[in-house]
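Peer 1: what shape does this take:
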Amino acid sequence: MAHLPWLVLTLVIYLAAMALYRRSGSHPLLIPVFTAVVVVVSLLHLTGTPYESYRHGVSPLGLLIGPATVALAIPLYAQRQRIRTLWRPVGAALLIGCITALLSALLIGWVLGGSHASLMALAPKSATIPIALPMAKRYGAPASLAAVAVAITGITGAMMAPLLMRLVRSQDPAVQGFALGLTAHAIGTARALQVHPAMGAFAALAMGLNAVATAVLMPLLIALL
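Peer 2: Have a look, this model is predicted:
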């Protein structure tokens with residue numbers, strides 16, 4: 001019960017962030033996951049609350065991750081026929097996108113003078129946390145840096161997606177969703193589900209496939225480099 005205020009505060013802050021997002025006409029800079037995180041982090045800093053205390057206080061929310069992940073099968077099942085017909089472009093996009101995400105992170109980090117540990121933490125930034133953290137730890141990278149890289153990638157990907165989609169002139173929800181899920185993992189998938197069912201389905205597909213591809217390709221690329 002001592003930790004209940006943080007749980008309640010987190011839910012209230014997120015609901016307020018969602019209301020602000022809707023009132024703004026779904027402005028990309030006001031996506032709830034971004035504004036809510038900013039408010040929560042600010043409160044933790046102002047109150048001097050350690051992250052461990054906050055995490056323990058909101059631990060019941062973690063119980064919802066499993067059911068939410070399983071629920072992604074519903075939009076995927078609804079799009080099963082189209083997914084079957086698009087397996088070739090989906091496979092090509094997955095391979096190119098995963099390799100690009102890994103190499104771009106390594107290259108940018110190397111150009112900026114990042115250490116080996118930093119590069120290993122940045123490389124799996126486009127995969128989900130359950131994949132990115134073990135991959136980073138495998139190569140001696142700090143899990144905290146990997147988690148931050150994943151979070152920043154997801155948030156910026158969801159925020160920049162509308163502009164980038166307009167630039168490439170893509171109107172297909174499947175294309176938009178797959179690109180969003182591949183680059184912005186769970187946060188991008190959540191954003192896609194709010195826009196269109198097909199977009200959400202292909203984002204979920206890309207997120208899952210990219211997680212597996214990252215776990216397979218990252219060791220191979222590092223060995224080659």
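Peer 1: contacts, neighbours, all on C-alpha from now
Peer 2: OK.
Peer 1: quick check: Val150 vs Thr128, distance?
Peer 2: Val150 is 7 Å from Thr128, where distance means CA to CA, to the nearest Å.
Peer 1: cool, Leu193 as well?
Peer 2: Going from Leu193 to Thr128 by CA to CA gives 17 Å.
Peer 1: so which of those two has more stuff around it?
Peer 2: Counted by other CA atoms under 10 Å, Leu193 and Thr128 do not tie: Thr128 has more neighbours, with 26 against 19.
Peer 1: ok, that one - contacts?
Peer 2: Each residue near Thr128 by CA atoms under 8 Å, 6 or more residues apart in numbering is listed here: Val150, His185, Ala186, Met207, Ala211.
Peer 1: how far away from the center of its chain is the longest helix along the chain?
Peer 2: Ranked by residue count, the top helix of the chain under DSSP state H comes out as helix 197-224. Helix 197-224 sits 12 Å away from the centroid of its parent chain (CA atoms, centre = their mean, to the nearest Å).
Peer 1: now do the buried residues in that helix.
Peer 2: Neighbour counts over helix 197-224 (16 or more other CA atoms under 10 Å) mark 197-211, 213-215, 217-218 as buried.
Peer 1: for stretch 39-55, same thing?
Peer 2: Val40, Tyr54.
Peer 1: quick check: next helix or strand after the helix or strand where Arg84 lies?
Peer 2: Taking DSSP states H and E as the criterion, Arg84 maps to helix 80-85. Downstream of helix 80-85, the next assigned helix or strand under DSSP H and E is helix 87-111.
Peer 1: I'd like the distance from the following helix or strand past that next one to the chain centre, please.
Peer 2: Toward the C-terminal end, the helix or strand that comes next after helix 87-111 (DSSP H and E) is helix 116-122. Relative to the chain's own centre, helix 116-122 is displaced by 18 Å; criterion: CA atoms, centre = their mean.
Peer 1: next: stretch 58-76.
Peer 2: Offset of stretch 58-76 from its chain centre (CA atoms, centre = their mean): 14 Å.
Peer 1: is Tyr14 in contact with Val39, as I believe?
Peer 2: No. Tyr14 lies out of contact with Val39 (CA atoms under 8 Å); the separation is 9.3 Å.
Peer 1: closest to Leu95 out of the contacts of Thr128?
Peer 2: Minimum distance to Leu95 across the contacts of Thr128 is 11.7 Å, recorded for Ala211 (CA to CA).
Peer 1: was I right about that closest one contacting Ile129?
Peer 2: No. Checked against CA under 8 Å, the pair Ala211 and Ile129 is beyond contact range at 9.2 Å.
Peer 1: beyond the helix or strand of the chain with the lowest mean pLDDT, next helix or strand please.
Peer 2: Ranked by mean pLDDT, DSSP states H and E, the helix or strand of the chain with the weakest confidence is helix 65-71, at a mean of 77. For helix 65-71, the following helix or strand on the C-terminal side (DSSP H and E) is helix 73-78.
Peer 1: now do that following helix, average pLDDT.
Peer 2: In this model, helix 73-78 has an average pLDDT of 83.
Peer 1: using PDB, list the CA coordinates for it.
Peer 2: Only the C-alpha atoms of helix 73-78 are listed here, as PDB (Å, rounded to 0.1, in the frame of the first residue of the first chain):
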ATOM      1  CA  ALA A  73      -2.200 -12.000 -32.200                       C
ATOM      2  CA  ILE A  74      -5.800 -10.700 -32.800                       C
ATOM      3  CA  PRO A  75      -4.900  -8.100 -35.500                       C
ATOM      4  CA  LEU A  76      -2.300 -10.400 -36.900                       C
ATOM      5  CA  TYR A  77      -4.900 -13.200 -37.400                       C
ATOM      6  CA  ALA A  78      -7.200 -10.700 -39.100                       C
END
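Peer 1: okay then, goodbye and thanks.
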